[in-house]
Structure formats: C-alpha cells, structure tokens
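Q: A structural model of the following input is requested.
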Amino acid sequence: MPRAITHYLFANDCFNNLDIKTQNIIKKNINVYNLGSQGSNFFNYYNDLSFLNKKNTSLLSALIHNKDTNIFFNNMVMYCNSKNNLEHLFNDTNFKNVCISYIYGFLSHYILDEYAHPYIYSLQKTLKEKYKYKSAVALHKSIETHIDKLILFKFKSLKPYDFKDYLNIDISNDDLLVICDMYSYLLSYVYNKKITYDDIKKSYYTFKKVEKKLNTSYNLFSKIYLNIKNTTVKNSFIDNEIYSNYSHCVNDLLNENHSVWVDPITLKKHNCSFLDIYNNSLDIFLDTSIKLDSYFKNKSSIDFLEFKISY
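A: A predicted model of the protein is given here:
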C-alpha cells in the first residue's frame, strides 16, 4: 500500500471529484474524512511499547486488509445507514454525516491500495533479489516511503518535512466515539474480534503521535522515541517509514519510463506507471462514489463493490 502522504493526496483529489452535496457534507467533517483516508492503518501503531502489551490490536489492520474486506466495508456502509446508533449524542443527520465522511475517506484508501498493490509488490520482489537479507516488510515500507516523497514533490514541489497537511486528523471526542463504536461493531460482527473503545482510542492517538514524529525525525527526541518503537514494535519496521532514512530503492520508482513489470499474484505483464495507477484509481473512486451515493439515497443495493486486495 502507499503510505500516509500519498493516501492523503489521493483522498484530496477524490474529494475534488465528488458531487457538491457530498463535498459539503465532508467539508464539515474534513478531519474525519482525512482519518478515513488512512484506512485501518492506525491500528498498526497501537501503543508505544508493544512488549508491555500482549494484545494483538496492532494486527487488526492486516486482518481488515486481508480477509472479508468487502463484507467489512459493506457493513460499514450499512452501519452508517442505521437509525439507532448513538442517538443519545447525535441527531440522525449529524451521525450519518460523520459516518459518510469517514466512509468516503476509507473508500479512497482501499481503492488506491487495491490498484497500487500489484505494482508495489512487483517492486518489492525486485528489491528482495537485490537485498536478500532485508525483510519483506522493511522493503515494502521503504518503497512506500520513497513513493510518498516522489509523489509529494511531483504534485506539490515539497519535501515531507515541509508538508503537514496530512497530519490534520484531529477529531472531536464525539466523532471519535462514533469511530470507536463503528469499529467495535464491525470487528465483532465480521471477524468475531472483541476490542474496547479505549484500545481504538489508543491506536488513534499513537498513530497521530508516531506520524508527527516520522515527519520531524531530525529532532533528537523523535529519533530516540522512534528507535524505541522500531525495536519493540510487533509487526512493522518504523525505521523504514522515516522520511530521511529510506535506503532501498530502484531507479525510476514511479515507472515513468513505462518499463514492463509483472504482477506477482496474477503473473500478468504491465507497463503502466504509478501515476497511471493513481489516475485510474481516481476514475474507479468516482464511479464507486456515484453508486455509494445512490445507496445512501435508497436507490440501489449495497452489493456494488468488491475489493480484491491481497498482501
């Protein structure tokens, strides 16, 4: 999957292609939308010192990406359309608009993941042949970090340390309660996994903290903190997510020369660039968002979307 900056930029482009009515809903809940654009990745950062906690909360992101993703998303949409959730805090309109904003952001995340994954895994396989002693996870994260930097410079002429917009994911306690209730319900219903609101909140707050430090890693305190987290984390290598630290790369990472690459899952050959994939994903998002809007207006069924993401 791409990393946080690319997902933010993609979600921003998706927003610009939505109809005015949906844009107006999201504008009032823009940070909820931004958080949704990061998908379930915030679970990866569950706590600061993983060895002090035996819970598998940090593994939930991979579970949601890997298993029954369509069922998860469809139930998220149906949850949004429910009339009886958290009525003691929200009137129906406010509750639904918060959910809608998160869902459209979430949709942008998974569509880009679906179409970018084959290319990124092809790069990962190429790098694994060169860096035989590097883990697949470390190489994968290094690719994502590179792509973030390259896409940001191409689109905004900025370096990661000069770009803080993607960190605008501060949401109110009430909005966070909706997110917690939604994930608690979905994880229980789809995966039979129990999770507390506090664990979801901890994942969210730690995600914000780590991302801010990844983007300010020249700071001594940030370096110490990230080094500890990299040493203790259960399922990722933080070191390869620090924008100043990436060290594994291939020439023409965005494939702007349109070299042939092979999807490691289907074994099909392609020559599209990452920018081609990005733009094609925008078209898919727009088409899907029209169907999603139709569902919210009670004009279509929920069975219109099928993610085909594989890790």
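
Q: please pull up the helix or strand immediately following the helix or strand where L112 lies.
A: Per DSSP states H and E: L112 is located in helix 92-130. For helix 92-130, the following helix or strand on the C-terminal side (DSSP H and E) is helix 136-156.

Q: all helices for the chain, in order.
A: With DSSP state H as the criterion, the chain has helices at 4-16, 20-27, 30-36, 60-66, 69-80, 92-130, 136-156, 173-191, 197-214, 220-232, 274-296.

Q: the ones you listed: lowest mean pLDDT?
A: Confidence, taken as mean pLDDT, is least for helix 220-232 of the helices of the chain (a mean of 61).

Q: could you name the helices and strands sitting against the helix holding L112?
A: helix 4-16, helix 20-27, helix 30-36, helix 69-80, helix 136-156, helix 173-191, strand 261-262, helix 274-296 (3 or more C-beta pairs under 8 Å, 6 or more residues apart in numbering; DSSP states H and E). Just so you know, the C-beta spots here come from the backbone N, C-alpha and C atoms, and that holds for glycine as well.

Q: quick one: the third one to chain centroid distance?
A: Relative to its chain's centre, helix 30-36 lies at 11 Å (C-alpha atoms, centre = their mean, to the nearest Å).

Q: what's in contact with it?
A: Outside helix 30-36, the residues that touch it by C-beta atoms under 8 Å, 6 or more residues apart in numbering are 8, 11, 15, 26, 42, 98, 101-109, 166, 168-171, 175, 179, 204.

Q: go ahead and confirm L176 touches K201.
A: Yes: using C-beta atoms under 8 Å, L176 is in contact with K201, at 6.4 Å.

Q: which of these two has more neighbours?
A: Shown here are L176 and K201; by other C-beta atoms under 10 Å, L176 has more neighbours (19 against 15).

Q: quick one, what contacts the closest residue to F72 other than its chain neighbours?
A: Using C-beta to C-beta, 6 or more residues apart in numbering and skipping residues adjacent in sequence, the residue nearest F72 is V190, 5.0 Å away. For V190, the contacting residues are 68, 71-72, 75, by C-beta under 8 Å, 6+ apart.

Q: which PyMOL command selects the buried ones in those?
A: Applying 16 or more other C-beta atoms under 10 Å to these, the buried members can be selected in PyMOL as follows:
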select buried, resi 72+75
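
Q: out of the contacts of V190, which is nearest to L253?
A: When the contacts of V190 are compared for distance to L253 (C-beta to C-beta), F72 wins out at 30.7 Å.

Q: would you check that that closest one makes contact with I64?
A: Yes: judged on C-beta under 8 Å, F72 makes contact with I64 at a distance of 5.8 Å.

Q: tell me how far N66 lies from H117.
A: Shown here: N66 relative to H117, a distance of 11 Å by C-beta to C-beta, to the nearest Å.

Q: my read is that Y79 contacts L186, right?
A: Yes: when contacts are counted by C-beta under 8 Å, Y79 is listed as touching L186 (6.9 Å).

Q: look at those two and report which has more neighbours.
A: The residue with more neighbours, out of Y79 and L186, is L186; 21 against 18, by other C-beta under 10 Å.

Q: returning to what we had before: more crowded one of N66 and H117?
A: More crowded of N66 and H117, by other C-beta under 10 Å: H117, with 22 against 11.

Q: next up, the contacts around N271.
A: N271 sits next to 255, 258-261 when contact means C-beta under 8 Å, 6+ apart.

Q: most neighbours among those, which one is it?
A: Most surrounded of these: other C-beta under 10 Å gives N255, at 22 neighbours.

Q: distance of that residue relative to A116?
A: 12 Å.

Q: so which residue is dead centre in the chain?
A: For the chain, the residue sitting closest to the mean C-alpha position, by C-alpha atoms, centre = their mean, is Q38 at 2.9 Å.

Q: isn't that residue up against H7?
A: Yes: with contact defined as C-beta under 8 Å, Q38 counts as touching H7 (5.9 Å).

Q: and for these two, which residues touch both?
A: Here Q38 and H7 have H109 as joint contacts, going by C-beta under 8 Å, 6+ apart.

Q: still on that earlier bit, quick one: the helix holding L112 to chain centroid distance?
A: For helix 92-130, the distance to the chain centre is 5 Å (C-alpha atoms, centre = their mean).

Q: what do you get for stretch 188-197?
A: How far stretch 188-197 lies from its chain's middle: 20 Å, per C-alpha atoms, centre = their mean.

Q: now do the same end-to-end measure for it.
A: Terminal residues of stretch 188-197 are spaced 12 Å apart (C-alpha to C-alpha, to the nearest Å).

Q: mind checking pLDDT for the nearest residue to E256 once chain neighbours are set aside?
A: For E256, ignoring the flanking residues on the chain, the nearest one in space by C-beta to C-beta, 6+ apart is S273 at 5.3 Å. Predicted confidence (pLDDT) for S273: 96.
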